[in-house]
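> sharing a sequence plus its predicted fold:
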Amino acid sequence: MFFVATLLLYLGSLVQKLPRSFYLRPTLQVAKKLLGKHLVRIHHGKKLVGKIVEVEAYGRDDPASHSFRGKTKRNEVMFGRAGHLYVYFTYGMHFCANVVTGPEGKGEAVLIRAVEPIEGVEAMIKNRLQVSGGAGVKRGLRISPRLLSPLSPALTNGPAKLCQAFAIGKEENGADLLGDEIFIVAGDKLPASMIGRSSRIGIRNGVDKQWRFFVRGNKWVSR
DNA sequence: TGGACGATCCCCT
DNA sequence: GGGGATCGTCCAT
(Lines give C-alpha, C1' and ligand atoms only; values in the text may rest on other atoms or scores of the structure.)
Protein backbone atom coordinates (compact mmCIF):
# COMPACT_ATOMS: atom_id res chain seq x y z
CA MET A 1 0.00 0.00 0.00
CA PHE A 2 2.75 2.38 1.01
CA PHE A 3 4.77 1.30 -2.01
CA VAL A 4 1.87 1.88 -4.39
CA ALA A 5 1.22 5.33 -2.95
CA THR A 6 4.88 6.25 -3.30
CA LEU A 7 4.94 4.95 -6.87
CA LEU A 8 1.87 6.99 -7.82
CA LEU A 9 3.40 10.11 -6.31
CA TYR A 10 6.57 9.45 -8.28
CA LEU A 11 4.75 8.92 -11.59
CA GLY A 12 2.65 12.01 -11.03
CA SER A 13 5.77 14.06 -10.46
CA LEU A 14 7.43 13.02 -13.72
CA VAL A 15 5.18 14.94 -16.05
CA GLN A 16 4.95 18.40 -14.66
CA LYS A 17 8.25 19.23 -12.94
CA LEU A 18 9.70 22.54 -14.05
CA PRO A 19 12.71 21.86 -16.29
CA ARG A 20 16.27 23.00 -15.56
CA SER A 21 15.91 25.70 -18.22
CA PHE A 22 13.27 27.41 -16.08
CA TYR A 23 15.86 28.15 -13.40
CA LEU A 24 18.67 29.06 -15.79
CA ARG A 25 17.03 32.34 -16.79
CA PRO A 26 17.83 35.74 -15.22
CA THR A 27 17.08 35.73 -11.49
CA LEU A 28 14.49 38.52 -11.43
CA GLN A 29 12.56 36.79 -14.19
CA VAL A 30 12.63 33.45 -12.36
CA ALA A 31 11.48 35.18 -9.17
CA LYS A 32 8.37 36.61 -10.85
CA LYS A 33 7.63 33.37 -12.70
CA LEU A 34 7.80 31.36 -9.47
CA LEU A 35 4.71 33.12 -8.14
CA GLY A 36 1.70 30.83 -8.52
CA LYS A 37 3.84 27.71 -9.03
CA HIS A 38 3.37 24.77 -6.68
CA LEU A 39 6.12 23.70 -4.28
CA VAL A 40 5.87 19.95 -3.72
CA ARG A 41 7.48 18.03 -0.86
CA ILE A 42 7.34 14.27 -0.47
CA HIS A 43 7.96 13.51 3.19
CA HIS A 44 7.36 10.21 5.01
CA GLY A 45 5.21 9.06 2.08
CA LYS A 46 2.97 12.14 2.29
CA LYS A 47 2.63 14.80 -0.36
CA LEU A 48 2.74 18.42 0.77
CA VAL A 49 1.87 21.13 -1.74
CA GLY A 50 1.98 24.91 -1.38
CA LYS A 51 1.37 27.66 -3.91
CA ILE A 52 4.27 30.12 -3.94
CA VAL A 53 2.89 33.59 -3.16
CA GLU A 54 5.96 35.60 -2.06
CA VAL A 55 9.62 35.56 -3.13
CA GLU A 56 12.77 37.69 -3.00
CA ALA A 57 15.61 37.77 -5.53
CA TYR A 58 19.25 37.85 -4.44
CA GLY A 59 21.79 38.67 -7.11
CA ARG A 60 25.42 39.24 -7.85
CA ASP A 61 26.94 42.53 -6.67
CA ASP A 62 24.07 42.65 -4.22
CA PRO A 63 25.19 43.64 -0.70
CA ALA A 64 22.15 41.91 0.81
CA SER A 65 23.07 38.55 -0.71
CA HIS A 66 24.97 35.80 1.07
CA SER A 67 27.06 35.49 -2.10
CA PHE A 68 28.24 39.12 -1.96
CA ARG A 69 31.59 38.33 -0.30
CA GLY A 70 32.29 35.32 -2.46
CA LYS A 71 31.97 31.59 -2.14
CA THR A 72 32.25 29.99 1.32
CA LYS A 73 31.37 26.60 2.71
CA ARG A 74 28.01 27.96 3.86
CA ASN A 75 26.88 29.46 0.55
CA GLU A 76 28.59 27.13 -1.95
CA VAL A 77 25.27 25.72 -3.17
CA MET A 78 24.32 29.22 -4.34
CA PHE A 79 27.28 29.12 -6.71
CA GLY A 80 26.34 25.69 -8.02
CA ARG A 81 23.97 24.56 -10.73
CA ALA A 82 20.59 26.23 -11.13
CA GLY A 83 17.52 24.34 -9.98
CA HIS A 84 18.97 23.23 -6.66
CA LEU A 85 17.81 24.21 -3.17
CA TYR A 86 20.02 26.47 -1.03
CA VAL A 87 18.93 26.09 2.61
CA TYR A 88 20.62 28.17 5.27
CA PHE A 89 20.37 28.33 9.04
CA THR A 90 19.84 31.68 10.76
CA TYR A 91 19.07 33.32 14.10
CA GLY A 92 20.19 30.14 15.82
CA MET A 93 16.89 28.39 15.16
CA HIS A 94 15.47 28.94 11.69
CA PHE A 95 15.97 27.61 8.18
CA CYS A 96 15.20 29.46 4.95
CA ALA A 97 14.93 27.94 1.47
CA ASN A 98 16.16 29.42 -1.80
CA VAL A 99 16.04 28.29 -5.42
CA VAL A 100 19.42 28.62 -7.17
CA THR A 101 19.13 30.52 -10.45
CA GLY A 102 21.19 31.65 -13.43
CA PRO A 103 24.52 30.38 -14.73
CA GLU A 104 26.74 28.24 -12.52
CA GLY A 105 29.32 30.23 -10.57
CA LYS A 106 27.26 33.42 -10.40
CA GLY A 107 25.84 32.98 -6.90
CA GLU A 108 22.24 34.04 -7.47
CA ALA A 109 19.06 32.67 -5.90
CA VAL A 110 15.41 33.32 -5.09
CA LEU A 111 14.22 33.09 -1.48
CA ILE A 112 10.79 31.50 -1.08
CA ARG A 113 9.14 33.68 1.57
CA ALA A 114 5.60 32.34 1.70
CA VAL A 115 3.28 29.68 0.29
CA GLU A 116 -0.45 29.07 0.42
CA PRO A 117 -1.17 25.50 1.61
CA ILE A 118 -2.86 23.42 -1.11
CA GLU A 119 -2.45 19.81 -0.02
CA GLY A 120 -1.22 17.99 3.08
CA VAL A 121 -2.28 20.71 5.51
CA GLU A 122 -2.62 18.35 8.46
CA ALA A 123 0.97 17.16 7.99
CA MET A 124 2.14 20.78 7.79
CA ILE A 125 0.44 21.57 11.09
CA LYS A 126 2.05 18.52 12.64
CA ASN A 127 5.48 19.60 11.41
CA ARG A 128 4.97 23.13 12.76
CA LEU A 129 3.90 21.90 16.17
CA GLN A 130 6.74 19.46 16.59
CA VAL A 131 9.06 20.77 19.28
CA SER A 132 12.07 18.51 18.96
CA GLY A 133 13.56 16.23 16.35
CA GLY A 134 13.03 16.35 12.61
CA ALA A 135 14.37 18.66 9.95
CA GLY A 136 13.80 22.34 10.45
CA VAL A 137 12.72 21.98 14.03
CA LYS A 138 14.79 23.12 16.99
CA ARG A 139 14.18 22.40 20.62
CA GLY A 140 12.62 25.17 22.62
CA LEU A 141 10.55 26.58 19.76
CA ARG A 142 6.95 26.55 20.90
CA ILE A 143 3.99 27.55 18.80
CA SER A 144 0.57 27.81 20.28
CA PRO A 145 -1.79 25.27 18.61
CA ARG A 146 -4.58 27.84 18.30
CA LEU A 147 -2.43 29.72 15.73
CA LEU A 148 -2.38 26.70 13.49
CA SER A 149 -5.90 25.92 12.36
CA PRO A 150 -5.95 24.58 8.77
CA LEU A 151 -6.74 27.98 7.31
CA SER A 152 -4.40 30.02 9.48
CA PRO A 153 -1.89 32.13 7.54
CA ALA A 154 0.58 31.59 10.40
CA LEU A 155 1.13 28.10 9.05
CA THR A 156 3.31 29.16 6.10
CA ASN A 157 3.41 32.98 5.84
CA GLY A 158 7.17 33.37 6.33
CA PRO A 159 10.40 31.80 5.06
CA ALA A 160 11.22 29.94 8.28
CA LYS A 161 7.60 28.94 8.85
CA LEU A 162 7.24 27.28 5.48
CA CYS A 163 10.52 25.43 5.95
CA GLN A 164 9.23 24.05 9.22
CA ALA A 165 5.85 23.13 7.71
CA PHE A 166 7.53 21.41 4.75
CA ALA A 167 10.20 19.72 6.89
CA ILE A 168 13.03 21.49 5.09
CA GLY A 169 16.28 21.72 7.07
CA LYS A 170 20.01 21.38 6.61
CA GLU A 171 19.59 17.88 5.17
CA GLU A 172 17.77 19.41 2.23
CA ASN A 173 20.53 21.92 1.43
CA GLY A 174 21.73 21.18 -2.11
CA ALA A 175 18.70 19.07 -3.04
CA ASP A 176 18.02 18.91 -6.78
CA LEU A 177 14.61 20.36 -7.66
CA LEU A 178 14.45 17.86 -10.50
CA GLY A 179 14.67 15.09 -7.91
CA ASP A 180 11.80 13.28 -6.23
CA GLU A 181 11.67 14.71 -2.71
CA ILE A 182 11.32 18.44 -3.32
CA PHE A 183 10.32 19.93 -6.64
CA ILE A 184 8.22 22.66 -8.24
CA VAL A 185 5.40 22.17 -10.74
CA ALA A 186 3.23 24.44 -12.85
CA GLY A 187 0.37 25.93 -10.86
CA ASP A 188 -1.81 28.97 -11.37
CA LYS A 189 -1.23 31.35 -14.25
CA LEU A 190 -1.13 34.86 -12.80
CA PRO A 191 -1.92 38.05 -14.72
CA ALA A 192 0.74 40.75 -14.29
CA SER A 193 -1.77 42.92 -12.44
CA MET A 194 -1.84 40.36 -9.62
CA ILE A 195 1.89 40.71 -8.94
CA GLY A 196 3.03 43.24 -6.35
CA ARG A 197 6.59 44.51 -5.92
CA SER A 198 8.51 46.07 -3.04
CA SER A 199 11.92 46.27 -1.40
CA ARG A 200 13.13 43.19 0.47
CA ILE A 201 12.39 42.48 4.12
CA GLY A 202 14.80 42.14 7.03
CA ILE A 203 17.95 43.39 5.32
CA ARG A 204 20.18 46.41 6.02
CA ASN A 205 21.92 46.79 2.68
CA GLY A 206 20.27 46.81 -0.71
CA VAL A 207 16.96 48.28 0.42
CA ASP A 208 16.98 50.40 -2.74
CA LYS A 209 16.35 47.31 -4.86
CA GLN A 210 12.68 46.39 -5.43
CA TRP A 211 13.34 42.69 -5.56
CA ARG A 212 10.48 41.30 -3.50
CA PHE A 213 7.49 39.98 -5.45
CA PHE A 214 4.17 38.79 -4.07
CA VAL A 215 0.62 37.87 -5.06
CA ARG A 216 -1.62 40.86 -4.32
CA GLY A 217 -4.35 40.28 -1.79
CA ASN A 218 -3.23 36.75 -0.91
CA LYS A 219 -3.61 36.21 2.83
CA TRP A 220 -0.51 34.01 3.14
CA VAL A 221 1.84 36.83 2.09
CA SER A 222 3.91 37.89 5.11
CA ARG A 223 3.02 41.25 6.75
C1' DT B 1 40.08 31.58 19.62
C1' DG B 2 36.41 34.84 20.62
C1' DG B 3 32.76 37.79 19.68
C1' DA B 4 29.28 39.95 16.96
C1' DC B 5 25.43 39.19 14.23
C1' DG B 6 21.82 37.40 11.22
C1' DA B 7 17.29 37.06 4.21
C1' DT B 8 13.12 35.16 11.80
C1' DC B 9 9.45 34.08 14.91
C1' DC B 10 6.67 34.41 18.92
C1' DC B 11 4.95 36.45 23.03
C1' DC B 12 4.19 40.33 25.74
C1' DT B 13 3.05 45.21 26.48
C1' DG C 1 6.19 47.95 18.60
C1' DG C 2 9.96 45.70 21.30
C1' DG C 3 12.84 42.11 23.08
C1' DG C 4 14.49 37.39 23.87
C1' DA C 5 15.61 32.89 22.07
C1' DT C 6 19.70 30.45 20.19
C1' DC C 7 23.84 28.86 17.33
C1' DG C 8 26.57 28.47 12.92
C1' DT C 9 29.43 31.33 10.30
C1' DC C 10 32.80 34.66 9.43
C1' DC C 11 36.25 37.88 10.40
C1' DA C 12 39.32 40.19 13.45
C1' DT C 13 42.67 39.39 16.87
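Now that the structure is in, tell me what you want to look at.

> quick check: buried residues in the helix or strand hosting A:K126?
Element membership for A:K126 (DSSP states H and E) is helix A:121-129. Neighbour counts over helix A:121-129 (16 or more other Cβ atoms under 10 Å) mark A:V121, A:A123, A:M124, A:I125, A:N127, A:R128 as buried. The C-beta positions use only the backbone N, C-alpha and C, and glycine is treated the same way.

> closest one of those to DNA strand C?
A:R128 (15.7 Å; Cβ to the nearest atom of the strand).

> correct me, but that closest one touches A:A165?
Yes: at 5.2 Å, A:R128 and A:A165 qualify as touching, with contact defined as Cβ atoms under 8 Å.

> circling back: what helices or strands is the helix holding A:K126 leaning on?
strand A:46-58, helix A:159-165 (3 or more Cβ pairs under 8 Å, 6 or more residues apart in numbering; DSSP states H and E).

> distance to A:G80 added to these, as JSON lines?
Shown next, in JSON lines, are the helices and strands packed on helix A:121-129 (distance: least, Cβ to Cβ, whole Å):
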{"stretch": "strand A:46-58", "distance to A:G80": "15"}
{"stretch": "helix A:159-165", "distance to A:G80": "19"}
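
> save the ones you listed as TSV, and put in mean pLDDT and mean neighbour count too.
Below are the helices and strands packed on helix A:121-129 laid out as TSV (pLDDT from 0 to 100; neighbours: other Cβ atoms under 10 Å):
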stretch	mean pLDDT	mean neighbour count
strand A:46-58	98	24
helix A:159-165	97	25
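
> closest to A:L111 out of these?
A:L111 lies closest to strand A:46-58 among these, at 4.4 Å (Cβ to Cβ).

> so which residue is smack in the middle of chain A?
Centroid-nearest residue in chain A, with Cα atoms, centre = their mean: A:I112, separated by 3.7 Å.

> got a list of what it touches?
Contact partners of A:I112, counting by Cβ atoms under 8 Å, 6 or more residues apart in numbering, are A:L34, A:L39, A:I52, A:E54, A:V55, A:A97, A:N98, A:V99, A:P159, A:L162.

> report the set of residues contacting both of A:R128 and A:A165.
A:L155.

> adding distance to DNA strand B, write the helices and strands packed on helix A:121-129 out as JSON lines.
Converted to JSON lines, those look like this (distance: least, Cβ to the nearest atom of the strand, whole Å):
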{"stretch": "strand A:46-58", "distance to DNA strand B": "4"}
{"stretch": "helix A:159-165", "distance to DNA strand B": "3"}
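
> how long is stretch A:59-70 from one end to the other?
End-to-end span of stretch A:59-70 (Cα to Cα, to the nearest Å): 12 Å.

> oh sorry, the question was meant for stretch A:79-98
End-to-end distance (Cα to Cα), stretch A:79-98: 12 Å.

> rewinding a little: for the helix holding A:K126, what is the average pLDDT?
If you average the pLDDT over helix A:121-129, you get 94.

> now do that helix and strand A:46-58, the angle between them.
Helix A:121-129 and strand A:46-58 are oriented at 60 degrees to each other (axes from the mean of the first three to the mean of the last three Cα atoms, to 10 degrees).

> and for helix A:121-129, what's in contact with it?
Residues contacting helix A:121-129 (Cβ under 8 Å, 6+ apart): A:43-44, A:46, A:48, A:50, A:117, A:134, A:136-137, A:143, A:145, A:148, A:150, A:155-156, A:161, A:164-167.
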